[in-house]
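K.L.:
Sequence and computational prediction follow.
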Amino acid sequence: MLDDKAGRLFLVTAPSGAGKSSLVAALLKADPSVHLSISHTTRAPRPGEQDGREYHFVSIETFESMKEDNAFLEWAFVHGNYYGTSKKWLSEQLELGHDVLLEIDWQGALQVKRLFPDVVGIFILPPSVEALKERLTKRATDSPEVIARRLAGAGAEMVHAGQFDFVIINDDFQRATGDLIAIVRASRLTFKTQSIRERETFKHLGIPLL
């Protein structure tokens, strides 16, 4: 069970264009002890992306075969492509006491939360729909049709923000980055986490363990 492991599991979710990937990259730079889970996806790589770094890019046939083999902790079909999280890799990292961050859509995040109630869920919001449209357009990685589809789906995604533990509005990038870092650091200091990571100290001080 996740409860018995020293590693903490973080879920970061946002509609496309809200700045999720940039915020996660800033967190990983500031705190290298957080390990990013690399998802499998059937979508094509964007310019500058590398297999095994941003995603494991696989064919639909390979993804469906892995799905049949129960290789995924969670998987979802989003904007015409499959995305999934490796169950084996995640379990190994948590067993080693590593903190792991999953950058996934709301469907996958809720699947994980049902399996592991103690995960820390973080939802990133844009300051406005207009700002979201501007960011998607400036990104220049998607066709107008894809951008329209992402905007249409953003509202349906954002209504699920209330099912997460924390919400960050990415209006000012530096402030939003600081908020994300603060959430991760504070989550490590809960009594439950500290009683696992600092078990010997707790015993020495005579503090009852959970």
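P.N.:
Done, it's in.

K.L.:
would you list every one of the strands in this structure?
P.N.:
9-13, 34-36, 40-41, 56-57, 72-78, 81-86, 99-103, 120-125, 166-169 (DSSP state E).

K.L.:
Can you redo the ones you listed as TSV, where the extra columns are distance to P144, mean pLDDT and mean neighbour count?
P.N.:
For glycine as for every other residue, the C-beta is placed from the backbone atoms N, C-alpha and C. Putting the strands of the chain into TSV (distance: least, C-beta to C-beta, whole Å; pLDDT from 0 to 100; neighbours: other C-beta atoms under 10 Å) gives the following:
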stretch	distance to P144	mean pLDDT	mean neighbour count
strand 9-13	25	95	25
strand 34-36	31	93	17
strand 40-41	22	95	20
strand 56-57	24	95	16
strand 72-78	19	88	20
strand 81-86	18	92	20
strand 99-103	25	94	22
strand 120-125	24	96	24
strand 166-169	27	97	18
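
K.L.:
List the buried residues for stretch 16-29?
P.N.:
Using 16 or more other C-beta atoms under 10 Å as the test for burial, stretch 16-29 gives S16, G17, A18, G19, K20, L23, V24, A26, L27.

K.L.:
Nearest residue to the first one in space, please, no chain neighbours.
P.N.:
Yep, that's S16 we're talking about. Closest residue to S16 apart from its sequence neighbours, by C-beta to C-beta, 6 or more residues apart in numbering: R150 at 4.5 Å.

K.L.:
and the one you found, what does it touch?
P.N.:
Residues near R150 by C-beta atoms under 8 Å, 6 or more residues apart in numbering: P15, S16, G17, H79, L136, D142.

K.L.:
Now for the fourth one, how many residues are close by?
P.N.:
One way to gauge burial is a neighbour count; for H79, by other C-beta atoms under 10 Å, it gives 13.

K.L.:
next one: R53
P.N.:
So R53, with other C-beta under 10 Å, has 11 neighbours.

K.L.:
Tell me which of the strands of the chain lies nearest to Q111.
P.N.:
strand 72-78 (3.9 Å; C-beta to C-beta).

K.L.:
mind showing which ranges of this protein have poor pLDDT?
P.N.:
Across the chain, the ranges flagged by pLDDT under 70 are 1-5, 140.

K.L.:
what ranges do the helices span in it?
P.N.:
Along the chain, counting by DSSP state H, helices occupy 20-30, 60-68, 87-95, 106-115, 129-139, 144-158, 173-187, 191-197, 199-205.

K.L.:
just to revisit the earlier point, ok, now how distant is the residue nearest to S16 from R139?
P.N.:
10 Å (C-beta to C-beta, to the nearest Å).
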